[in-house]
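**Student:** below: sequence and its predicted model.
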Amino acid sequence: MRIPLACVAVCLGCFSALSAPAQQPAALSAVPANFQFAGSYTCEGSFRGGKVHRSTYAAAVILSGKWLQLSEQDVEPATGYLAEYLIGYDPQQKKLVEFDANNFGAAVYTSDAGWSNGVLTMTSAIDPDPKAPYAANRFVFSLLGDNSFTVDWQVSKTPKLQWVQADHLVCTRSAAPGA
């Protein structure tokens with residue numbers, strides 16, 4: 001009698017395991033839980049080689065709180081650089097994606113990890129073209145408290161990724177959310 005009961009118990013266990021829905025990984029959030037991004041920011045820093053870089057950022061959380069929109073406008077150098085960055089979760093890839101549309105071109109970046117300890121790293125795919133200026137690019141966003149963050153643009157000239165700092169900005173909130 002013990003053997004048939006044991007078989008029934010094993011079969012029920014197997015059946016319940018097979019019929020249970022597969023655990024889906026939690027969606028990564030484009031917006032860190034501990035930082036209110038919405039607002040305007042004044043940013044100052046430098047490009048590689050020490051050339052001054054100043055810009056403004058406007059940040060908004062859009063599409064029912066699922067996407068972070070960052071708009072950048074360079075002040076110095078006065079190249080006219082304008083950009084829209086959209087960061088959100090792609091359920092098909094199961095990672096964060098960033099769409100970078102700017103008046104000089106466009107790029108797509110991804111992150112498998114999302115925000116971790118106040119840092120988000122978004123990395124481009126490796127460009128197989130040996131004549132491309134960079135094999136890959138990445139942006140590293142780091143939170144510095146309630147009202148500031150940094151943006152670091154890093155590049156690798158080789159497919160074996162060796163990151164070099166290309167730009168560093170410290171962005172400080174200049175207007176409160178909704179102001």
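**Tutor:** The structure has been received and is ready for your questions. Numbering: from 1, shown residues only.
**Student:** stretch 133-150: end-to-end distance?
**Tutor:** Distance between the boundary residues of stretch 133-150 (CA to CA, to the nearest Å) amounts to 24 Å.
**Student:** neighbours of residue 48, how many?
**Tutor:** Neighbour count of residue 48, defined by other CB atoms under 10 Å: 13. Where you see a C-beta, it was placed from the backbone N, CA and C, and this is true even at glycine.
**Student:** which secondary structure element is home to the nearest residue to it once chain neighbours are set aside?
**Tutor:** Distance criterion CB to CB, 6 or more residues apart in numbering; nearest residue to residue 48, sequence neighbours excluded, is residue 166 at 5.1 Å. Residue 166 belongs to strand 164-175 when assigned by DSSP states H and E.
**Student:** would you mark the buried spots in that strand?
**Tutor:** 167-169, 171, 173 (16 or more other CB atoms under 10 Å).
**Student:** next one: stretch 115-128
**Tutor:** Buried residues in stretch 115-128 (16+ other CB under 10 Å): 115, 119-124, 127.
**Student:** thinking again about what came up before, strands paired with the strand holding residue 166, and their directions?
**Tutor:** Strand 164-175 pairs in its sheet with strand 39-47 (antiparallel), strand 148-156 (antiparallel), by DSSP bridges.
**Student:** most packed of these?
**Tutor:** strand 148-156 (a mean of 19; mean count of other CB atoms under 10 Å).
**Student:** chain center to it: distance?
**Tutor:** Taking CA atoms, centre = their mean, to the nearest Å, one finds strand 148-156 lying 11 Å from the centre of the chain it belongs to.
**Student:** do the same with stretch 43-60
**Tutor:** The answer for stretch 43-60 is 18 Å, by CA atoms, centre = their mean.
**Student:** tell me how far the ends of it are from each other?
**Tutor:** Start-to-end span of stretch 43-60 (CA to CA) is 16 Å.
**Student:** okay then, goodbye and thanks.
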